[in-house]
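> what would the 3D arrangement of this be:
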Amino acid sequence: MDHQAFEHLVRRLELDSHASPATFRRKVVAISLSAYVVLFGALGGLVALFVTLMRWALESHRAFTTIKIGLFGLFLLPLIFIVLRVMFMRLERPTGRELSRGEAPKLFDILDKLQAKLKGPHIHHVLITDDYNAAICQHARFGIFGGYRNYLMVGLPYLLGATSKEMLGTLAHEYGHLCGDHGKLATGVYRQRRLFVDIYQHLEKSAEDNAISGAMFGVLGKFFPYYSAYTFVLARQDEYEADRRAVEMAGRTASAHGLVRVHLLGDWVYRSFWPKMYEGADRAERPPFMPFASMRMAFKANYEEWASQRALDAAWAVRSGVDDTHPCLRERLDAIGLAPSLPEPVDVCAADVMLASGIGRKLEAELDNQWWDINSRSWRERFRHVTNSQVRIGTLSAQPLAKLSVPEMQELASLRLEFGTAAAAKPVLVELLKRPGGPFPKASLLYGRVLLEEGNRQGVDHLRDAALNDPRLLNEAAQRGYQYLLEKEGEDSANLWWSSVVPEEETA
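The predicted structure is shown next:
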């Protein structure tokens, strides 16, 4: 089933779920049980066949026949083991820094009150992460046989960016996924969905290793798109139910402001804050400030940038897709019954209220140290690359182009394109491509990039020359040309150009 057919199925099921919610939920239960039937049926069939063959072998009065049947029966044991291994496959446990009650007394008090009010299960672990996000997860220690532990993951950036009232709504939303009859059904389906996605991917990788994995993948391959569509629609319904829990606990205004803030500020963190952070490697061997320690100040200082009407309008224009079970901002606010409005700047963030004194700064330092341990090597390598490149640009630019060799001219054009502008690289490439002794595939590739940056379609011709004269440049040239034509002229033109550049065996 392709993406378009899957989306059409999801839209149709959403209509069914609104027309008759109870009937739709019964269908989801049935299809979820069917998923277990597939696995247990495979296991039961193999075990029954093994027992039958062993009985035949024992009851046979011919030694040769007994040996043949017995050996075939023993051959089934590894296949039974494969099915059991799939059923007991353990999902990856959520990662993060464990938070104790003493470090976050207010947060744990809220969880206790939510558990008492909503009659939900216990949260076994609270983890601090580096994401601008919050989520709850049930981790199965024994595959489809359960052994569930409940994990609440809260991103420190999220705590630094939200108010305590908004954070209350978020906690109620996440905890609400575990509560009530609808919540228990949705949670069970979510657990199963997460497990079956991993099982499906595991079988896909091992389908060619043995007949049983291939057969199971074939069966799941026909069943899985329908299973995924039904459970997707239920998961989206559950998001609205969890939003209602948030409204009950935090109120409509705080819940609505929290939703707007997480869309606008969350997008700004990934789109602007982190890219600007990593751009610092172009200027200094070590960051002038560490990311997590600077976040609360950055959120305030850049309030007018991320909390703008333009950003809100853009978020409001986004429609719900089938790649994320969360509904779009427009639909969630419509369900709450409030119009969109920009949230106020945060004077006292949730971290300062819900964490014990000094713990927020401690967590910032821990995550900063962890981030630097991971990124210090690449940061310093980038700084050295930029520093050496700037020196090299100066050295090459000080000489007349006529005195530079072909490799030196290609190097200068490439460096100017990386650290300067297309306009700065263009004269070097024009001069180089005039030289005798060509073709110069690398220069053709760079010149094609320059022309496409200027909006000149002739750039794809130079990309073609580069691809045809140097197979090592084929992938980059083909991708750049295809993307340009796709954006400017549409899919048909892009596909036609691709087929003229990429050999059939590469396409196959």
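> now the helix or strand where Thr23 lies: average pLDDT?
Using DSSP states H and E, the element containing Thr23 is helix 21-59. Averaging pLDDT along helix 21-59 yields 76.
> so which bits of that helix are buried?
For helix 21-59, a neighbour-count test (16 or more other C-beta atoms under 10 Å) marks 24-25, 27-28, 31-32, 35, 38-39, 42-43, 46, 50, 53, 57 as buried. C-beta coordinates here come from the backbone N, C-alpha and C atoms, glycine included.
> ok, the residues you listed vs Leu13, which is closest?
Of all these, the one with the least separation from Leu13 (C-beta to C-beta) is Phe24, at 7.3 Å.
> that closest one contacts Leu15, correct?
No. Between Phe24 and Leu15 there is no contact, the gap being 9.8 Å when judged by C-beta atoms under 8 Å.
> if we can go back for a sec, so which of the buried residues of helix 21-59 comes closest to Tyr175?
Ranked by distance to Tyr175 (C-beta to C-beta), the buried residues of helix 21-59 are led by Arg25 at 21.0 Å.
> quick check: closest non-adjacent residue to His263.
Distances taken as C-beta to C-beta, 6 or more residues apart in numbering put Ala315 closest to His263, at 4.6 Å, once the chain neighbours are dropped.
> please read the previous query as pertaining to Ala172.
Excluding its sequence neighbours, the residue lying closest to Ala172 (C-beta to C-beta, 6+ apart) is Met249, at 3.8 Å.
> give me the secondary structure label for the one you found.
Put simply, Met249 is helix when judged by DSSP: H, G, I helix; E, B strand; the rest coil.
> what sits against it?
The contact partners of Met249, by C-beta atoms under 8 Å, 6 or more residues apart in numbering, come to 114, 117, 168-169, 171-172.
> okay if I get these as TSV plus pLDDT and secondary structure?
Below are the contacts of Met249 laid out as TSV (pLDDT from 0 to 100; DSSP: H, G, I helix; E, B strand; the rest coil):
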residue	pLDDT	secondary structure
Leu114	93	helix
Lys117	90	helix
Leu168	95	helix
Gly169	95	helix
Leu171	95	helix
Ala172	94	helix
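> where does pLDDT dip in this protein?
Filtered on pLDDT under 70, the chain yields the residue ranges 1, 39, 42, 60-91, 140-147, 180-221, 504-508.
> could you rerun that using 90?
1-94, 118-121, 136-150, 176-239, 241, 320-326, 420, 436-438, 491, 497-508 (pLDDT under 90).
> quickly list the domain ranges of it.
254-343+357-376, 402-507 (automatic domain parsing).
> how far out from the middle of the chain is the longest one?
Spelled out, it's domain 254-343+357-376. How far domain 254-343+357-376 lies from its chain's middle: 16 Å, per C-alpha atoms, centre = their mean, to the nearest Å.
> likewise for stretch 160-175?
Remark: stretch 160-175 is offset 22 Å from the chain centroid, using C-alpha atoms, centre = their mean.
> equivalent analysis for stretch 38-52, please.
That offset, for stretch 38-52, works out to 37 Å (C-alpha atoms, centre = their mean).
> ok, stretch 365-377 next?
22 Å.
> list the buried residues in it.
Buried residues in stretch 365-377 (16+ other C-beta under 10 Å): 367-368, 371, 375.
> how near is the residue lying closest to His326 once chain neighbours are set aside to Ala317?
Once flanking residues are discounted, His326 sits nearest to Glu239: 5.6 Å by C-beta to C-beta, 6+ apart. For Glu239, the distance to Ala317 (C-beta to C-beta, to the nearest Å) stands at 20 Å.
> His8 now?
Taking C-beta to C-beta, one finds His8 at 23 Å from Ala317.
> quick one: contacts of stretch 114-127?
Contacts for stretch 114-127 (C-beta under 8 Å, 6+ apart): 94-99, 104, 107-108, 111, 136, 149-154, 171-172, 175-176, 178-180, 183, 245, 249.
> from those residues, list just the buried residues.
Buried members of the contacts of stretch 114-127, scored by 16+ other C-beta under 10 Å, are 94, 96, 99, 104, 107-108, 111, 136, 150-154, 171-172, 175-176, 178-180, 183, 245, 249.
> residues of the helix or strand where Leu432 lies that come out buried?
Per DSSP H and E: Leu432 is located in helix 422-434. For helix 422-434, the neighbour count (16+ other C-beta under 10 Å) marks 422, 424-426, 428-429, 432-433 as buried.
> can I get it in CSV? Just the C-alpha atoms.
Coordinates of each C-alpha in helix 422-434 appear next as CSV, following Å, rounded to 0.1, in the frame of the first residue of the first chain:
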residue,chain,number,x,y,z
ALA,A,422,28.2,31.9,-5.6
ALA,A,423,29.2,35.3,-7.1
ALA,A,424,32.7,35.0,-5.6
ALA,A,425,33.2,31.5,-6.9
LYS,A,426,31.8,32.1,-10.4
PRO,A,427,34.8,34.0,-12.0
VAL,A,428,37.2,31.3,-11.0
LEU,A,429,35.0,28.6,-12.5
VAL,A,430,34.4,30.6,-15.7
GLU,A,431,38.2,31.0,-16.1
LEU,A,432,38.9,27.4,-15.4
LEU,A,433,36.3,26.0,-17.8
LYS,A,434,37.9,28.0,-20.6
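> right, and the helix or strand after that helix?
Past helix 422-434, the next helix or strand by DSSP H and E is helix 441-453.
> angle of that following helix against helix 422-434?
With axes from the mean of the first three to the mean of the last three C-alpha atoms, to 10 degrees defining the directions, helix 441-453 sits at 140 degrees from helix 422-434.
> show me what whichever helix or strand comes after helix 441-453 is packed up against.
Counting by DSSP H and E, the next helix or strand C-terminal to helix 441-453 is helix 459-469. Helix 459-469 sits against helix 441-453, helix 474-488, helix 491-501, with contacts defined as 3 or more C-beta pairs under 8 Å, 6 or more residues apart in numbering; DSSP states H and E.
> looking at the ones you listed, which is nearest to Phe223?
helix 491-501 (31.0 Å).
> just give me how far the closest one sits from the chain centre.
29 Å.
> that one vs helix 474-488, what angle?
160 degrees.
> excluding its backbone neighbours, what's nearest Thr170?
Ala134 (5.0 Å).
> what sits against that neighbour?
So Ala134 contacts 152-155, 158, 170-171, 174 (C-beta under 8 Å, 6+ apart).
> check Ala135 too.
152-153, 174 are the contacts of Ala135 under C-beta under 8 Å, 6+ apart.
> again, only this time at 6 Å
Neighbour list for Ala135: Met153 [criterion: C-beta atoms under 6 Å, 6 or more residues apart in numbering].
> need the three-state assignment for it.
strand.
> who does it form a beta bridge with?
Beta-bridge partners of Ala135, counted by DSSP bridges, are Met153.
> from Glu418, how far off is it?
38 Å.
> got it, and His177?
Per C-beta to C-beta, His177 is found 46 Å from Glu418.
> ok, these two, which is more surrounded?
Neighbours per residue (other C-beta atoms under 10 Å) separate His177 from Glu418, with His177 holding more: 24 against 12.
> run through who's touching the helix or strand containing Tyr158.
Per DSSP H and E, Tyr158 falls inside helix 156-161. The contact list for helix 156-161, computed with C-beta under 6 Å, 6+ apart, reads 128, 132, 134, 265, 295-296, 299, 349-351, 363, 367.
> next one: stretch 329-338
Against stretch 329-338 from outside (C-beta under 6 Å, 6+ apart): 240, 243, 252, 256, 259, 263, 315-316, 320, 340.
> kindly recompute the last result at 7 Å.
If you take C-beta atoms under 7 Å, 6 or more residues apart in numbering as the criterion, stretch 329-338 is touched by 240, 243, 247, 252, 255-256, 259-260, 263, 315-316, 318, 320, 340.
> strands of the protein, start to end?
Using DSSP state E, the strands of the chain run over 97-98, 125-129, 134-140, 148-155.
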